[in-house]
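J.: only geometry, no sequence info:
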């Protein structure tokens, strides 16, 4: 796994009304700080990719469908430089994969697409709020030759 990427297994607490699942707590060992919370969705044939941050750490949790999340380490001094990892994040109630929170450190490019579903939704809890006047967001095209990763063949566009 890419250095600095962390996974937190999430615990689903079901009852006769449905379920509850905590995602991120301020007393979690991987918690750094709170910036904001937002939800983002992606359709099956689209990759929301690639981008990275220089200051911000992201915390992804899938809350609808399944997401294929791909990461690429862009830190030249990292022992995992240019390593690519992929993860399947599944929203509860899960069929195959236990729910997880995926922590993505700065300078790790990331993107995602819907996997085995028509649309997926991810909640992100970044460590910094989005700065509309000076975003900490750097992009590559979804099919960039600089990232050694190929999206599944059903992905036909991105951004």
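T.: Received the coordinates, thanks. The shown structure was predicted, so the numbers you read here are calculated from the model rather than taken from an experiment.

J.: going forward, measure contacts and count neighbours with C-alpha atoms only.
T.: Will do.

J.: Where do the strands of this protein begin and end?
T.: 6-9, 12-15, 18-21, 38-43, 46-52, 58-64, 66-73, 84-90, 100-104, 108-114, 119-124, 138-139, 157-158 (DSSP state E).

J.: Quick check: the residue positioned nearest the centre of the chain vs residue 97, distance?
T.: For the chain, the residue nearest the mean C-alpha position is residue 60 (4.3 Å; C-alpha atoms, centre = their mean). Plainly put, residue 60 is 15 Å away from residue 97 if you go by C-alpha to C-alpha, to the nearest Å.

J.: sorry, back to before: mind checking which of the strands of the chain is nearest residue 28?
T.: The minimum distance between residue 28 and the strands of the chain falls on strand 6-9, with 9.1 Å, by C-alpha to C-alpha.

J.: Other residues contacting that closest one?
T.: 30, 98, 99, 100, 101, 102, 103, 104 (C-alpha atoms under 8 Å, 6 or more residues apart in numbering).

J.: Can I get the buried part of these as one ChimeraX selection?
T.: Buried residues among those (16 or more other C-alpha atoms under 10 Å), as a ChimeraX selection:
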select :98,99,100,101,102,103,104
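
J.: would CSV of the contacts of strand 6-9 with pLDDT be doable?
T.: Converted to CSV, the contacts of strand 6-9 look like this (pLDDT from 0 to 100):
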residue, pLDDT
30, 96
98, 89
99, 95
100, 97
101, 98
102, 98
103, 98
104, 98
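
J.: Quick one: the contacts of strand 6-9 as TSV, columns for distance to residue 7 too.
T.: Output for these, formatted as TSV (distance: C-alpha to C-alpha, whole Å):
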residue	distance to residue 7
30	9
98	11
99	10
100	6
101	6
102	5
103	6
104	9
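
J.: Output the lowest mean pLDDT helix or strand found in the protein.
T.: strand 12-15 (a mean of 91; mean pLDDT, DSSP states H and E).

J.: returning to what we had before: kindly reformat the strands of the chain as a markdown table and extend each row with distance to residue 150.
T.: Formatted as a markdown table, the strands of the chain follow (distance: least, C-alpha to C-alpha, whole Å):
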| stretch | distance to residue 150 |
| --- | --- |
| strand 6-9 | 23 |
| strand 12-15 | 32 |
| strand 18-21 | 32 |
| strand 38-43 | 17 |
| strand 46-52 | 11 |
| strand 58-64 | 21 |
| strand 66-73 | 10 |
| strand 84-90 | 10 |
| strand 100-104 | 20 |
| strand 108-114 | 12 |
| strand 119-124 | 19 |
| strand 138-139 | 17 |
| strand 157-158 | 12 |
